[in-house]
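Peer 1: Mind folding the following:
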Amino acid sequence: MSGPRRDVDEELRARLRAAAGEHRPDRARILARVERGMAAGNRGPARARLPGRLRVAGATAAVAGILVAGGYTVASAVRDDAPARPPVAAPPGPRESESREPGSRESGPVWSSGAVDPHSNEFWAQSNVTLGTSTPLSALTVELRVAQTGSVTSTGAWRSLPEDDFAFTLDERDGFLVYRWTLRQGRTVPAGEWMFAGQYNHRRGGRDAGGDRYSAAATTASGPLTVRGGFTPGG
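Peer 2: Sure thing, here's the model as predicted:
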């Protein structure tokens, strides 16, 4: 085929494709018409009546076939009819994290752990507080409390952050040696893991650190928070 007739046929096919692409069948009206037609056909004496649920299923299948012919898929028809699920809001994180199990990591920007240093011996020990942060801290106070279990006397303290960034105090009150490090105003603790350690002599023999405690109060860009916990035995 060639010439003007071929041009006319191609133009007609192009218009039909455009019309089919713009067509949006009314699914609800088609479903109702198909179901009415099936119900009317089932009234004859020679045909068994189908249960209502099966009739609806058959009508839905028929409509699905029509929609496929019109450029739709069954999957898209079902997906569009499904009710939209409301977004699920995540619960706000706690402003205080507590190390109920020594050595555990809490959720949130700041975490901590406490442990007796494995190099401790029967006369001397070191208690390590490890503090981690995923964000810079503009304020920080770390307090280590070593219970007075007998002849406990301080032999020193240190921290892995710069010494000049912190004010340090040592006190004895309420049956504890209290080591305290306070970040000086205008200084910042960068993101990372940092250690604060208190050293002390004690009565000869193994010392029970079950009564020792630590806490840390920090300030992040999102606000203040605290962590606290106890100590695991030395290795």
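Peer 1: ok, which stretches of this protein are helices?
Peer 2: Assigned helices in the chain, in chain order: 4-22, 27-41, 52-69, 74-81 (criterion: DSSP state H).
Peer 1: hey, least reliable of those by pLDDT?
Peer 2: Of all the helices of the chain, helix 74-81 carries the lowest average pLDDT, namely a mean of 35.
Peer 1: give the contact list for Ser138.
Peer 2: Residues near Ser138 by CB atoms under 8 Å, 6 or more residues apart in numbering: 188, 219-221. Every residue, glycine included, has its C-beta placed from N, CA and C.
Peer 1: So Ala167 sits against Arg187, correct?
Peer 2: No: between Ala167 and Arg187 there is no contact under CB atoms under 8 Å: 10.2 Å.
Peer 1: Who has more neighbours out of these two?
Peer 2: Legend: neighbour count by other CB atoms under 10 Å for Ala167 and Arg187, higher for Arg187 (15 against 12).
Peer 1: Please give me every residue in contact with the more buried one.
Peer 2: 165-166.
Peer 1: 10 Å - rerun?
Peer 2: Residues in contact with Arg187, defined by CB atoms under 10 Å, 6 or more residues apart in numbering, are 137-140, 161-162, 164-166.
Peer 1: Which helix or strand in the chain has the lowest average pLDDT?
Peer 2: When the helices and strands of the chain are scored by mean pLDDT, DSSP states H and E, helix 74-81 comes last with a mean of 35.
Peer 1: on that earlier part again, closest to Gln148 among the contacts of Arg187?
Peer 2: Phe166 (24.5 Å; CB to CB).
Peer 1: Dig out what the closest residue in space to the closest one that isn't next to it in sequence forms beta bridges with.
Peer 2: The shortest distance from Phe166 to any non-neighbouring residue, by CB to CB, 6 or more residues apart in numbering, is to Trp181 (4.7 Å). Residues in a beta bridge with Trp181, per DSSP bridges, are Val142, Phe168.
Peer 1: any idea how this structure splits into domains?
Peer 2: Annotated domains of the chain cover 4-81, 96-229 [automatic domain parsing].
Peer 1: between these, which gets the lowest average pLDDT?
Peer 2: Among these, domain 4-81 scores lowest, with a mean of 50.
Peer 1: Who are the contact partners of Thr141?
Peer 2: 166-167, 180-183, 215-219, 226.
Peer 1: Which entries within these meet the buried criterion?
Peer 2: 166, 180-183, 215-219 (16 or more other CB atoms under 10 Å).
Peer 1: Out of the residues you listed, name the ones that lie in strands.
Peer 2: 166, 180-183, 215-219 (DSSP state E).
Peer 1: export those to a markdown table and tack on distance to Asp208?
Peer 2: Shown next, in a markdown table, are those (distance: CB to CB, whole Å):
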| residue | distance to Asp208 |
| --- | --- |
| Phe166 | 29 |
| Arg180 | 23 |
| Trp181 | 25 |
| Thr182 | 29 |
| Leu183 | 31 |
| Ser215 | 20 |
| Ala216 | 23 |
| Ala217 | 27 |
| Ala218 | 29 |
| Thr219 | 34 |
